[in-house]
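In: any chance you can model this:
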Amino acid sequence: MSTKDKEPQIDYYLGNTSVNAIYNNTIVIDSLKDYLINEGNIKASIDLFNREIEWDAMWDFEQGKSRIQKPNYKLFLLEVDSEVKGHVWFHNGYLHNMFISKTRPDNISVKFLQGTFNFIPEAWIGLRVDEWNKRAQRYFEKVGFQRNNS
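Out: Model (predicted):
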């Protein structure tokens, strides 16, 4: 879908009060130094996304580098058997640009995302999903997010 097409979106929120197990192979990136150290893994996740999904608004390595230098941005990478299988960005309690490869093992994506919440200091986490994206809506509800009906 083109970013020119503005689809209706649904807001979700999650009270960030519970502590979840951290998935063992989560790479936490919250500084430029960490970002540059993990350049290969970050580029691998971007490349995997671009092979699996056609979306013209996908961030690239340089855009991510710019983000990580701003306050309160965090990037998490999901690694499985020494291969990156996804990523998720957070900024000020808001989830951005989540991607988990379809080649990941079953039941890993929920554990990965829930574990990242331990690193988010805000009392709530929000996100926005395109109304047509029913699969993402089901996933985020499974993780524990609630639809904001206001």
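In: who are the packing partners of the longest helix belonging to the chain?
Out: When secondary structure is assigned using DSSP state H, the longest helix within the chain turns out to be helix 39-52. Of the remaining helices and strands, those touching helix 39-52 by 3 or more C-beta pairs under 8 Å, 6 or more residues apart in numbering; DSSP states H and E are helix 61-68, strand 73-80, strand 83-91, strand 94-100. Every residue, glycine included, has its C-beta placed from N, CA and C.
In: in this structure, which residue is most central in space?
Out: The centre of the chain sits closest to residue 88, judged by C-alpha atoms, centre = their mean, with a distance of 1.9 Å.
In: and for the closest residue to that one other than its chain neighbours, the neighbour number?
Out: Of all residues not flanking residue 88 in the chain, residue 98 sits nearest, at 4.2 Å (C-beta to C-beta, 6 or more residues apart in numbering). For residue 98, the count of nearby residues is 21 (other C-beta atoms under 10 Å).
In: and residue 145, by the same measure?
Out: When neighbours are counted by other C-beta under 10 Å, residue 145 registers 21.
In: returning to that earlier point: so the longest helix of the chain versus strand 94-100, what angle?
Out: 70 degrees (axes from the mean of the first three to the mean of the last three C-alpha atoms, to 10 degrees).
In: show residues contacting helix 39-52.
Out: If you take C-beta atoms under 8 Å, 6 or more residues apart in numbering as the criterion, helix 39-52 is touched by 27, 29, 35, 55, 58-61, 64, 75, 77, 79, 83-87, 99, 101-102.
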